[in-house]
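K.L.:
Quick one, what's the 3D model for this:
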Amino acid sequence: MRMHVRGVGLPHENPTELWIVDGRISTEPVAGADTVFDGGWLIPGMVDAHCHVGLGHHGEVPLDEAIAQAETERDVGALLLRDCGSPTDTRSLDDHDDLPRIIRAGRHLARPKRYIPGFAVELDDESGLPAAVAEQAKRGDGWVKLVGDWIDRKVGDLAPLWSDDVLTAAIDAAHAHGARVTAHVFGEDALPGLINAGIDCIEHGTGLTDDTIAMMVDRGTALVPTLINVENFPGIADAASKYPTYAAHMRDLYARCYPRVAAARDAGVRVYAGSDAGSTVAHGRIADEVEALKRIGMSPTEALGAACWDARRWLGRAGLDHGASADLLCYSDDPRSGPGVLRRPDLVILRGKVFGSPV
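P.N.:
Numbering: from 1, shown residues only. Sure, this is the predicted structure:
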């Protein structure tokens, strides 16, 4: 089927006409195309830059559940997912032309009893981290995920998992294998070692300080703050009464989250949208994360870009370009107006296939 869509293209707000043939976008007219959308707004498929397909509350899930998770993301317009660690091997989902494209980071890498049970590959000896990173780089799609900090029950608070020299060797190993590295980090203490070691991205980043923000700017380190997941911090603290120092720390991190992320964005750190869907956060909530980014000072266009055209550029994926895969969204109303509109595209087009009812 040859298709034609017409509307206002974002972010430049230019009148835009696109033709779709053989699953690809053409910016040049294609004879015999049926107009399936005429008037409204056009954007590339959204990106959830922290989304765990194949992860459940207790770790690995069956493939049919992973497929259902991916379908939920597709239906709200998230057509490109950076999966930041999953124990389920979801590579077979690449054969499904009705599911979002997934950029995988392999499995989380952690130390024993220093992360959520069932989620990570746990290393008894931290010296094995570079080899483990190399292995996960082969399993992933250009990313590796470390657990940078977690509660250390011996000290009763968040603490780093890895020594600085091991981190440097591990991140060098990932880069040698053509992979970028990101890390789960809640607190303050793990950040300097990770950033100095050359890490490419920080997830959450609630413990950012002026010094570590400056380091991220100097190093070009990106940030995916997962703001809707940070809303779980008070509940985590309430459940951790056995560890009062940790509980107080989590409440403090929650209270400082938005000002700290805003300071990072104001300083020039690149911030992208990720929901952290897959365990405590339900799938299909990228629109809520876009809305949350407005609270750190992003304009509606900038916030949407953090989950769309800017995120695609960061991940090396095309937007509404001639010859690109036809992964785009059509809206009757401006998708920047709020999550109620953004999460309900009138038309989802993925690999040139239409999901939803043409208007």
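
K.L.:
Keeping just the C-alphas, turn the strand or helix carrying residue 287 into PDB.
P.N.:
Element membership of residue 287 [criterion: DSSP states H and E] is helix 286-293. In PDB, the C-alpha atoms belonging to helix 286-293 read as follows (Å, rounded to 0.1, in the frame of the first residue of the first chain):
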ATOM      1  CA  ILE A 286       6.400   8.100  28.000                       C
ATOM      2  CA  ALA A 287       3.900  10.900  27.700                       C
ATOM      3  CA  ASP A 288       4.000  11.400  31.500                       C
ATOM      4  CA  GLU A 289       7.800  11.600  31.400                       C
ATOM      5  CA  VAL A 290       7.600  14.300  28.700                       C
ATOM      6  CA  GLU A 291       5.200  16.200  30.900                       C
ATOM      7  CA  ALA A 292       7.500  15.800  33.900                       C
ATOM      8  CA  LEU A 293      10.400  17.300  31.900                       C
END
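
K.L.:
In terms of secondary structure, what does it contact?
P.N.:
Helices and strands touching helix 286-293, by 3 or more C-beta pairs under 8 Å, 6 or more residues apart in numbering; DSSP states H and E, are strand 46-48, helix 227-230, helix 300-305, helix 339-342. Every C-beta, even on glycine, is put in place using the N, C-alpha and C of the backbone.

K.L.:
Looking at stretch 24-37 now, give me its mean pLDDT.
P.N.:
Taken as a whole, stretch 24-37 carries a mean pLDDT of 96.

K.L.:
and it, how far apart are its ends?
P.N.:
16 Å (C-alpha to C-alpha, to the nearest Å).

K.L.:
Which elements pack onto the helix or strand harbouring residue 133?
P.N.:
If you go by DSSP H and E, residue 133 is part of helix 129-139. Helix 129-139 is packed against strand 108-110, strand 143-147, helix 164-176, with contacts defined by 3+ C-beta pairs under 8 Å, 6+ apart.

K.L.:
residue ranges with poor pLDDT in the protein?
P.N.:
357-359 (pLDDT under 70).

K.L.:
how is it carved up into domains?
P.N.:
Following the TED database, the chain resolves into domains at 2-43+318-356, 46-315.

K.L.:
for those, which one ends up most surrounded?
P.N.:
Ranked by mean neighbour count under mean count of other C-beta atoms under 10 Å, the domains of the chain are led by domain 46-315, which reaches a mean of 20.

K.L.:
Quick check: end-to-end length of it?
P.N.:
Taking C-alpha to C-alpha, domain 46-315 runs 12 Å from one end to the other.

K.L.:
Over to stretch 172-192?
P.N.:
End-to-end distance of stretch 172-192: 16 Å, with C-alpha to C-alpha as the criterion.

K.L.:
hang on, the earlier thing: to residue 318, which of the helices and strands packed on helix 286-293 lies closest?
P.N.:
Nearest of the helices and strands packed on helix 286-293 to residue 318, taken as C-beta to C-beta: strand 46-48 at 12.0 Å.

K.L.:
returning to what we had before: could you work out which of the helices and strands packed on helix 129-139 reaches nearest to residue 101?
P.N.:
Here strand 143-147 is closest among these (C-beta to C-beta), at 13.6 Å.

K.L.:
Packing partners of the closest one?
P.N.:
Strand 143-147 packs on strand 108-110, helix 129-139, helix 164-176, strand 180-185, going by 3+ C-beta pairs under 8 Å, 6+ apart.

K.L.:
my read is residue 158 is in a strand, agree?
P.N.:
Yes: counting by DSSP: H, G, I helix; E, B strand; the rest coil, residue 158 is located in a strand.

K.L.:
From here on, call the first residue 134.
P.N.:
Yep, numbering from 134; the last one is residue 291 now.

K.L.:
That one: what's it in contact with?
P.N.:
282, 283, 284, 285, 319, 320, 322, 323, 340, 379, 382 (C-beta atoms under 8 Å, 6 or more residues apart in numbering).

K.L.:
who does it bridge with?
P.N.:
residue 284 (DSSP bridges).

K.L.:
now the contacts of residue 291 as a markdown table including distance to residue 450?
P.N.:
Formatted as a markdown table, these follow (distance: C-beta to C-beta, whole Å):
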| residue | distance to residue 450 |
| --- | --- |
| 282 | 30 |
| 283 | 31 |
| 284 | 35 |
| 285 | 38 |
| 319 | 29 |
| 320 | 32 |
| 322 | 34 |
| 323 | 29 |
| 340 | 30 |
| 379 | 38 |
| 382 | 37 |
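
K.L.:
thinking again about what came up before, any chance of CSV for the helices and strands packed on helix 262-272, columns distance to residue 474?
P.N.:
Converted to CSV, the helices and strands packed on helix 262-272 look like this (distance: least, C-beta to C-beta, whole Å):
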stretch, distance to residue 474
strand 241-243, 34
strand 276-280, 31
helix 297-309, 39
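
K.L.:
Quick check: which of these is nearest to residue 448?
P.N.:
strand 276-280 (9.1 Å).

K.L.:
roughly how far apart are residue 316 and residue 155?
P.N.:
Separation of residue 316 from residue 155 (C-beta to C-beta, to the nearest Å): 40 Å.

K.L.:
Oh, that last question was meant for residue 364, not what I typed.
P.N.:
Applying C-beta to C-beta to residue 364 and residue 155 gives a distance of 43 Å.

K.L.:
that older thread, among the helices and strands packed on strand 276-280, which is nearest residue 218?
P.N.:
Across these, closest to residue 218 is strand 241-243 (C-beta to C-beta), at 4.0 Å.

K.L.:
Now the element after the closest one, going C-ward?
P.N.:
Next along from strand 241-243, by DSSP H and E: strand 253-255.

K.L.:
what's the lengthiest strand in the chain in contact with?
P.N.:
Determined from DSSP state E, the single longest strand within the chain is strand 167-177. Strand 167-177 has contacts (C-beta under 8 Å, 6+ apart) with 134-143, 149, 151, 212, 437, 441-442, 445, 451-453, 460-468, 479-480, 487, 491-492.
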